[in-house]
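Q: give me a model of this one.
(2 chains)
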Amino acid sequence: MRLEPIANPSLARRLTFPALAIVATIVIASLLAMIAGGNPMAVLGQILIGAFGSKFALLETLNRATPLIFTGLAIAVAFRAKLWNIGAEAQLYAGAVVVAVLGTGALQMPAPILLTVMALAAMMAGAFLLLVPALLKTRLGVDEVVTTLLFNFIFLLFVSYLLEGPLKDPMGMGWPKSARLIPEARLPRIVDGLRLHWGFALALIAAVIVWVIDAKTTLGFEMRAVGQNVEAARFAGIPVTKVILKTALLSGGLAALAGFSEVAGLKGSLTLDLSPGFGYTGIVVAMLALLHPLGVIVAALFVAAIFVGADSMSRAIGVPSYLADIMLATALLCMVLAILLTKFRVRRD
Amino acid sequence: MELFEILTSAAFWAAAIRIASPLIFATMGELICERAGVLNLGIEGIMVAGAFAGWIAVWAGLPLWGGVSVAFMVGVGLGGIHSILSVPFGLSQHVVGIGLTLLATSATFYTYRVMLPEVSTPPKIDAFQPLHIPVLSEIPFFGPALFQQTALTYLAFILVGVVSFTLYRTPLGLAVRAAGESPAAVAAQGLSVTAIRMGAVMVGSGCMAVGGAFLTMSAFDSFFFDMVNGRGWICIALVVFGAWRPGKALFGAILFAAFDALQIRLQQTGIGAVVPYQVFLMMPYILSIIALIVMSRRAAVPAALMVPFNKGER
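A: All right, here's what the predicted structure looks like:
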């Protein structure tokens, strides 16, 4: 078989294949639910109810989407420039560690200043963590996929060391967790009484800023140019190495904000289970958003809804909540294929 | 002096070979894929799936070698998914690979929960036992280190020989290597690049799954969620370290495993009392990164690695 580019794909074509990808995901999830002894309609229905069915559920979904918007943006920015950052998990923890260091009493300032300082310091930590693999890529040609992946394992062990050593909470009854943040270091709730913190608003703002950078600035243009064709970009006089390094700083900083928002907003202290893989799920979010910064918001809400809904479904019906992870991985693979098929026609030889 | 004692003990090298075995399987698998021109980042998930599949098959009543075959076939199936998306459709090998790892890992955990809903500790199986090779296992030092391993370890070493021979001494190996270096030349010979690459990815993925199965069927006798723990990513680094050659990759895997065995033993010495244990656990990952940096200047990368081939395009 052979792929033939389509000059002007019709609207029908551009809608049909992504729709088919979603249908395929739902069909596969239904089959898996049946294998586990669940009624597919009940399982899918319960996922929807669990994600959106009540005010509590909806807020839980928004809370879960918050770190995913940040990591999704981090991945989208990097992947657009073909910088394969698979290390958002480590960068997230880098941001979280900075918050746990600065926010537990080391700095005494009014809340707005302290939060700003912590956010900027967290971004710098995450940016630095991705700068190392990016430099190894640009200077020595070391593949960043493997180095960023390995950094995840190294950094998580480092966090584990911190939580059992220097950052350990003396009042923590022996649990490996950091001390609680001082009140000035906590992101306040958006509305009193509702369990949704300013991290969510910050995530939305970040998405808009990234979209502006991407669509309206020279850097955004250069990042896309590098991602589409390195040789052509170099030929056009774009400083490819600099652009890759800038992309790395931006991407690492965004991922670190996920850690900032989780610790300062939701949890109030650092533990080793802060992130159930938000860094990796960010890849799915970014791909489902077709790497578009504003699309990331929608994709993160969708992904968060599936996770939150599956947790609730698992409690109610007993089908394992790993169904959510399978659905997302399936959706990812089906969607990349669907996007390809909107642009290419399959011809037999 | 503790270091000298450790390095000269047969038990240490026996442990190193044991630790190397799953890495050898998976590294050979990845090497086959990459020589054909496909980067397979599904390796981590395929190893998880293989570890589970082999173990659960034996738990369900199959003989040990039946379990190994099941693991291999599961690997081939997952490799099939990867190869359809990455070869004829030419989708980004990074995205497909990461997606496959997510899919294989979550599908494995799901199946585990469905099959064993109420267990807190996973059941054990009668795993492969050490097989003393007559005569050879009696040799001082080398006998206990090399020839008192399980059958799967011997299979790992045989696999290196088979991969090496096939790649460099057979027409099939030539076709695989050419598919990774110059696919247009392969097509000009009237061979199908698509078929060669898909076959390589499926067979390679099967080897990765057997590497995973080694963990549950030989190194241990049970399945745990975080069992593979980044070994797949390490194997990708080992392929680079081995300059895409089976023999060198074997050497890299053993060297790497020796360092791993060393850090386990150093934890129990005076150094372990001073240095936090996390530093020791970091060593394999740090070593992998160092290996990548050291080898970065060598230009042994298959020329068409990660380059999709679409016939008729020039």
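Q: quick one: low-confidence parts of the chain?
A: All of this is about chain A. A:349 (pLDDT under 70).
Q: oops, wrong one, chain B.
A: Ranges of chain B meeting pLDDT under 70: B:1, B:299, B:311-314.
Q: the helices in chain A, which residues?
A: Applying DSSP state H to chain A gives helices spanning A:11-35, A:40-52, A:55-80, A:88-102, A:111-140, A:144-164, A:198-216, A:218-228, A:230-235, A:240-261, A:278-288, A:293-317, A:322-343.
Q: quick one: which of the ones you listed is nearest residue B:253?
A: helix A:144-164 (15.5 Å; CB to CB). (Each C-beta comes from the backbone N, C-alpha and C, glycine too.)
Q: any idea how far the closest one is from the middle of the chain?
A: 17 Å (CA atoms, centre = their mean, to the nearest Å).
Q: what do you get for stretch B:253-268?
A: Chain-centre distance of stretch B:253-268: 18 Å, with CA atoms, centre = their mean.
Q: state the distance from residue A:246 to residue A:226.
A: Noted for residue A:246: a distance of 10 Å to residue A:226, by CB to CB, to the nearest Å.
Q: correction: residue A:169
A: Note on residue A:169: its distance to residue A:226, by CB to CB, is 44 Å.
Q: give me every residue in the stretch 201-314 of chain B lying close to chain A.
A: Counting by CB under 8 Å from any CB of the partner chain, the stretch 201-314 of chain B comes close to chain A at B:229-230, B:233-234, B:236-237, B:240, B:276, B:278-279, B:281-282, B:285-286, B:288-289, B:292-293, B:296-297, B:310-312.
Q: got the residues of the stretch 101-250 of chain A near chain B?
A: A:136, A:140-143, A:145-147, A:149-151, A:153-154, A:157-158, A:160-161, A:164-165.
Q: who's more crowded, residue A:246 and residue A:226?
A: residue A:226 (24 against 18; other CB atoms under 10 Å in any protein chain shown).
Q: touching, the more buried one and residue A:243? I think so.
A: Yes: the pair residue A:226 and residue A:243 passes the contact test of CB atoms under 8 Å, sitting 5.0 Å apart.
Q: identify the contacts common to the two.
A: Common contacts of residue A:226 and residue A:243 (CB atoms under 8 Å, 6 or more residues apart in numbering or on different chains): A:81, A:233.
Q: on that earlier part again, can you tell me which of the helices of chain A is packed in deepest?
A: helix A:88-102 (a mean of 29; mean count of other CB atoms under 10 Å in any protein chain shown).
Q: just checking, what packs against it?
A: Counting contacts by 3 or more CB pairs under 8 Å, 6 or more residues apart in numbering or on different chains; DSSP states H and E, helix A:88-102 packs against helix A:55-80, helix A:111-140, helix A:144-164, helix A:240-261, helix A:278-288.
Q: alpha carbons only: can I get that helix in PDB?
A: Written as PDB, here are the backbone C-alpha positions of helix A:88-102 (Å, rounded to 0.1, in the frame of the first residue of the first chain):
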ATOM      1  CA  ALA A  88       7.500  16.200  32.100                       C
ATOM      2  CA  GLU A  89       7.000  14.000  35.100                       C
ATOM      3  CA  ALA A  90      10.400  14.900  36.500                       C
ATOM      4  CA  GLN A  91      10.000  18.600  35.600                       C
ATOM      5  CA  LEU A  92       6.700  18.500  37.500                       C
ATOM      6  CA  TYR A  93       8.400  17.200  40.600                       C
ATOM      7  CA  ALA A  94      11.200  19.800  40.200                       C
ATOM      8  CA  GLY A  95       8.500  22.500  40.500                       C
ATOM      9  CA  ALA A  96       6.900  20.700  43.400                       C
ATOM     10  CA  VAL A  97      10.300  20.400  45.300                       C
ATOM     11  CA  VAL A  98      10.900  24.100  44.900                       C
ATOM     12  CA  VAL A  99       7.500  24.900  46.300                       C
ATOM     13  CA  ALA A 100       8.100  22.500  49.300                       C
ATOM     14  CA  VAL A 101      11.500  24.200  49.900                       C
ATOM     15  CA  LEU A 102      10.400  27.800  49.600                       C
END
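Q: state the helix or strand in which residue B:172 lies.
A: Residue B:172 is located in helix B:171-181, with elements delineated by DSSP states H and E.
Q: tell me the gap between whichever helix or strand comes after that helix and the middle of its chain.
A: Per DSSP H and E, the first helix or strand lying C-terminal to helix B:171-181 is helix B:183-188. Centroid separation for helix B:183-188 versus its chain: 29 Å, with CA atoms, centre = their mean.
Q: quick one: the next helix-or-strand element following helix B:183-188 to helix B:171-181, angle?
A: Next in sequence after helix B:183-188, counting helices and strands by DSSP H and E, comes helix B:193-214. Angle, helix B:193-214 to helix B:171-181, by axes from the mean of the first three to the mean of the last three CA atoms, to 10 degrees: 100 degrees.
Q: distance from helix B:193-214 to the middle of the chain?
A: 10 Å.
Q: now do stretch B:16-30
A: Using CA atoms, centre = their mean, the offset of stretch B:16-30 from its chain centre is 5 Å.
Q: before we move on, back to that, nearest to residue B:272 among the helices of chain A would be which one?
A: Per CB to CB, nearest to residue B:272 of the helices of chain A: helix A:144-164, 13.8 Å.
Q: so which elements touch the closest one?
A: Helices and strands touching helix A:144-164, by 3+ CB pairs under 8 Å, 6+ apart, are helix A:88-102, helix A:111-140, helix B:231-241, helix B:277-295.
Q: and the ones you listed as TSV, adding distance to residue B:186?
A: What follows is the helices and strands packed on helix A:144-164, written out as TSV (distance: least, CB to CB, whole Å):
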stretch	distance to residue B:186
helix A:88-102	37
helix A:111-140	30
helix B:231-241	21
helix B:277-295	27
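Q: among these, which is nearest residue A:1?
A: Nearest to residue A:1, of the helices and strands packed on helix A:144-164 and by CB to CB, is helix B:231-241 at 28.8 Å.
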